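A.B. asks: predicted model and sequence below, questions to follow.
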Amino acid sequence: MRYVLLTTLLVFCASVVLAQVSDAEIEAYPRPAVSPLPIVDKVLYDRTYRRVVGDLAIYDAPNGNLVSQMAKGFNFVTVSREEDGWSAIGVNRWVSSDSLSSDVLVSRFSGVLLPKEPLPYAVAWILKHLRASSTPGGEANRQNPFLYRYTLVNLYDTVEVDGFRWYQIGKDQWVHQFNVAKITPVERPDDISTHKWVSVDLYEQTLIAYEGETPVFATLVSSGLPQWPTNEGIFNVYVRYERTLMSGAFNQPDFYYLEEVPYTMYFDDDIGLHGTYWHDGFGYRRSHGCVNLSITDARWLYQWSADVRDFTVENSPDLAVYVYSSDTYR
């Protein structure tokens with residue numbers, strides 16, 4: 001029995017060695033040949049976003065009359081100016097500055113433009129700070145480079161260990177499939193009705209934009225949590241807002257109120273694609289069903305798809321959205 005186990009282990013180790021892409025190949029293609037969207041500070045910081053701390057009393061002026069109240073929840077407002085310990089959050093709408101958090105740190109993550117020619121290897125984002133293992137299934141090797149979350153890597157090869165995929169991302173560097181989000185273009189579904197369209201992979205938590213059959217852009221998203229799932233299927237955007245209020249779950253523990261959500265495109269009832277200023281958790285599910293993007297990515301997508309609908313044709317479709325799962329989320 002010991003001989004059989006030893007033989008199996010040797011075969012496994014040999015297969016790992018044979019699976020690795022050569023050092024020469026890695027040196028020839030050391031990093032993904034993609035172009036990150038540039039960060040535009042005046043776009044990210046054109047508003048002052050603040051989170052509400054507890055219940056919120058709203059007055060018509062500093063030390064003025066109470067006009068409304070907001071219950072405790074996941075609530076954010078935008079502040080236009082401050083005056084003697086008071087913050088203006090709208091016309092004749094003032095709140096005590098003590099009821100608001102300090103400035104929200106807006107995510108500086110951005111997706112990537114894809115080249116016209118197919119990439120030699122699949123590309124993925126690292127989802128958490130880590131050091132890669134030296135072998136598939138192994139422990140992190142402290143001698144390997146430290147990789148920050150959102151680092152882009154090539155996936156040179158794949159080995160399965162105990163039912164999970166391990167990806168080679170460099171010389172003697174392997175990562176578990178749960179630690180990366182892979183860009184995986186799909187074929188255009190027959191029911192897609194627009195030249196420009198997007199796919200949303202709920203497993204990888206990625207979005208890819210296409211022109212016809214050609215992928216042109218990819219990024220990370222955050223879709224709905226299990227209790228508020230993002231529905232699979234083919235949809236079309238039916239309304240757009242550069243800025244809009246989102247609120248829901250009134251009188252419930254998960255009540256939320258989000259002012260001036262940027263670059264929103266609703267495609268499935270109250271589920272939409274939109275920019276997100278209140279978190280930097282892209283690559284993981286965390287929404288009430290919407291597809292969260294960074295503000296940089298949402299702006300690009302909004303502008304890129306602005307010419308999809310032909311307003312000279314009655315009932316002309318807007319951007320098509322294909323939501324699917326490439327694997328079982330576990």
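C.D. replies: Great, that's in hand. Note that the coordinates shown come from a computational prediction; the quantities given were computed from them, not determined experimentally.
A.B. asks: which residues does stretch 30-47 contact?
C.D. replies: Here stretch 30-47 makes contact (Cβ atoms under 8 Å, 6 or more residues apart in numbering) with 78, 106, 108, 110-115, 119-121, 123, 152-154, 218, 260, 277, 295-297, 299-300. The C-beta positions use only the backbone N, C-alpha and C, and glycine is treated the same way.
A.B. asks: restrict that stretch to CA atoms and write it as PDB.
C.D. replies: Extracted C-alpha coordinates of stretch 30-47, given in PDB (Å, rounded to 0.1, in the frame of the first residue of the first chain):
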ATOM      1  CA  PRO A  30       5.800  38.200 -18.200                       C
ATOM      2  CA  ARG A  31       2.600  40.300 -17.800                       C
ATOM      3  CA  PRO A  32      -0.800  40.600 -19.500                       C
ATOM      4  CA  ALA A  33      -0.900  42.700 -22.600                       C
ATOM      5  CA  VAL A  34      -3.900  44.700 -21.600                       C
ATOM      6  CA  SER A  35      -4.400  48.500 -20.900                       C
ATOM      7  CA  PRO A  36      -6.000  49.600 -17.600                       C
ATOM      8  CA  LEU A  37      -8.500  52.400 -17.800                       C
ATOM      9  CA  PRO A  38      -6.800  55.600 -16.700                       C
ATOM     10  CA  ILE A  39      -8.000  57.000 -13.300                       C
ATOM     11  CA  VAL A  40      -9.500  60.600 -13.600                       C
ATOM     12  CA  ASP A  41      -9.400  62.200 -10.200                       C
ATOM     13  CA  LYS A  42     -12.000  64.900 -11.100                       C
ATOM     14  CA  VAL A  43     -14.500  62.100 -11.900                       C
ATOM     15  CA  LEU A  44     -13.800  60.200  -8.700                       C
ATOM     16  CA  TYR A  45     -13.800  63.200  -6.400                       C
ATOM     17  CA  ASP A  46     -16.500  65.500  -7.800                       C
ATOM     18  CA  ARG A  47     -18.700  64.700  -4.800                       C
END
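A.B. asks: what distance separates it from the centre of its chain?
C.D. replies: 14 Å (Cα atoms, centre = their mean, to the nearest Å).
A.B. asks: partner strands of the strand ranked longest in the chain, with direction?
C.D. replies: Longest strand in the chain, counting residues (DSSP state E): strand 256-268. Neighbouring strands of strand 256-268 in its sheet, by DSSP bridges, are strand 74-78 (parallel), strand 239-248 (antiparallel), strand 271-275 (antiparallel).
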